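Trainee: got a predicted model here, sequence first, then my questions.
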Amino acid sequence: MNADFHVRAGDAAAGPYALDIDPERAGWGYSSLRVLDLPPGGHHSFAAGDSEWIVLPLSGGCAVRTDGADGEAFELTGRESVFSGVTDFAYVPRDAHVQISSGAGGRFALTGARCERRLPARYGPASGVPVELRGTGNCSRQVNNFGAAGVFACDKLIAVEVLTPGGNWSSYPPHKHDECRPGQESELEEIYYFEIEPAHGTEGVGYQRVTPSGQGHGTDVLAEVRGGDAVLIPDGWHGPSIAAPGHAMYYLNVMAGPGEKREWLICDHPDHGWIRGTWPDQPVDARLPLYAAPAGDAR
């Protein structure tokens, strides 16, 4: 089962993409993720097709342009790495033709979701990204809610970044969102894309667990993840995501599903949800936030 759901760095490379996961590759209906590496002076074009996309710099900055009568152009300042700061980003709609170029080069995530509505292309400033500290104690983590439901308007796509200090557990307690239960749980396919902060002369590792919930594919994963890996979660209780001591862990969550409302509603695992009751008695990890959103943006 792990071979189906744990995608190791390089296993899903295609053309210019270091990682290319579309609904056909994943065996589901909505969520996509591409990771694009551009050399200095590099450029890349793609057709959005039936999906909406957010172009998110992982390292470096880029220009994003859409063609046509309603074409737009955005300059993304980006960042040095996912461990150095919040980034700005660009939303491009379905049916657009998109060009990405980078003078200095870099790595860029294209988070996508099949959708029906064609929304306008937009710039997302780093200063507008809510940075949330979730959990306490050794469950403390940071969430950059750049593409969260209720924060940035999309038709189907939900995307956030999570940073977990070394030695901590995140995506915990284990939770699921694989059934449509109005007001309680939303049905969402999810991709986790990982980067691990190097330290002490080593690249570092992390761990991801997914257990069957009785729905869908019976997803069961216990994966040692490294930088550039991804884990596909069509269903199941997912968590914990464990950062090895000494190495901060980053993961990018990409979600979408068939629900009429774009919302992230989860159900905690009944054996582990009690942990939330202990959080008020513990401080948030003093290492957090690793960084905050900038105070303002002139654009």
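Mentor: In hand now; what should we look at? All figures in this text were calculated on a predicted structure; none of them were measured in a lab.
Trainee: quick check, distance from stretch 92-101 to the centre of its chain.
Mentor: The gap between where stretch 92-101 is centred and where its chain is centred comes out at 19 Å by CA atoms, centre = their mean, to the nearest Å.
Trainee: endpoint to endpoint, it covers what distance?
Mentor: Counting by CA to CA, to the nearest Å, you get 15 Å between the two ends of stretch 92-101.
Trainee: quick one: mean pLDDT for it?
Mentor: In this model, stretch 92-101 has a mean pLDDT of 97.
Trainee: how close does residue 62 get to residue 87?
Mentor: 11 Å (CB to CB, to the nearest Å). Glycine gets a C-beta too; all of them are placed from N, C-alpha and C.
Trainee: mutual contacts of the two, please.
Mentor: Here residue 62 and residue 87 have 76, 78 as joint contacts, going by CB atoms under 8 Å, 6 or more residues apart in numbering.
Trainee: report the buried residues of stretch 145-160.
Mentor: Neighbour-count burial for stretch 145-160, counted by 16 or more other CB atoms under 10 Å, picks out 145-149, 152, 154-160.
Trainee: now those as CSV including secondary structure, pLDDT and distance to residue 187?
Mentor: Converted to CSV, the buried residues of stretch 145-160 look like this (DSSP: H, G, I helix; E, B strand; the rest coil; pLDDT from 0 to 100; distance: CB to CB, whole Å):
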residue, secondary structure, pLDDT, distance to residue 187
145, strand, 98, 21
146, strand, 98, 22
147, strand, 98, 18
148, coil, 98, 17
149, coil, 98, 14
152, coil, 98, 21
154, coil, 98, 16
155, coil, 98, 16
156, coil, 98, 12
157, coil, 98, 15
158, strand, 98, 12
159, strand, 98, 17
160, strand, 98, 18
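Trainee: please convert those to TSV, extending it with distance to residue 37.
Mentor: TSV is the format used below for those (distance: CB to CB, whole Å):
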residue	distance to residue 37
145	26
146	21
147	21
148	26
149	29
152	25
154	25
155	28
156	26
157	22
158	25
159	19
160	22
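Trainee: OK, contacts around the residue lying closest to residue 259 once chain neighbours are set aside?
Mentor: Distances taken as CB to CB, 6 or more residues apart in numbering place residue 186 nearest to residue 259, at 5.2 Å, with adjacent residues excluded. Residues in contact with residue 186, defined by CB under 8 Å, 6+ apart, are 177, 180, 257, 259, 261, 263-266.
Trainee: put the buried members of the residues you listed into a PyMOL selection.
Mentor: Here is the PyMOL command that picks out the buried ones among the contacts of residue 186, judged by 16+ other CB under 10 Å:
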select buried, resi 177+180+257+259+263+264+265
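Trainee: report the beta-bridge partners for residue 191.
Mentor: Beta-bridge pairing for residue 191 (DSSP bridges): residue 232, residue 254.
Trainee: surely it meets residue 28?
Mentor: No: using CB atoms under 8 Å, residue 191 makes no contact with residue 28, being 9.9 Å away.
Trainee: between those two, tell me which one has more neighbours.
Mentor: The neighbour count for residue 191 versus residue 28, taken as other CB atoms under 10 Å, is higher for residue 191 (26 against 22).
Trainee: per-residue confidence for that one?
Mentor: So, for residue 191, pLDDT stands at 98.
Trainee: quick one: contacts for it?
Mentor: With CB under 8 Å, 6+ apart, residue 191 has these contacts: 21, 26, 31, 33, 230-233, 252-255.
Trainee: narrow those residues to just the buried residues.
Mentor: Listed as buried from those are 21, 26, 31, 33, 230-233, 252-255; burial here means 16+ other CB under 10 Å.
Trainee: tabulate these (CSV), appending distance to residue 74 and pLDDT.
Mentor: Formatted as CSV, the buried ones among the contacts of residue 191 follow (distance: CB to CB, whole Å; pLDDT from 0 to 100):
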residue, distance to residue 74, pLDDT
21, 24, 97
26, 28, 96
31, 23, 98
33, 20, 98
230, 26, 98
231, 30, 98
232, 29, 98
233, 30, 98
252, 20, 99
253, 23, 98
254, 20, 98
255, 23, 98
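Trainee: elements contacting the host helix or strand of residue 74?
Mentor: Taking DSSP states H and E as the criterion, residue 74 maps to strand 73-79. Counting contacts by 3 or more CB pairs under 8 Å, 6 or more residues apart in numbering; DSSP states H and E, strand 73-79 is packed against strand 51-66, strand 89-92.
Trainee: name every strand pairing with it and say which way it goes.
Mentor: When DSSP bridges is applied, strand 73-79 pairs with strand 51-66 (antiparallel).
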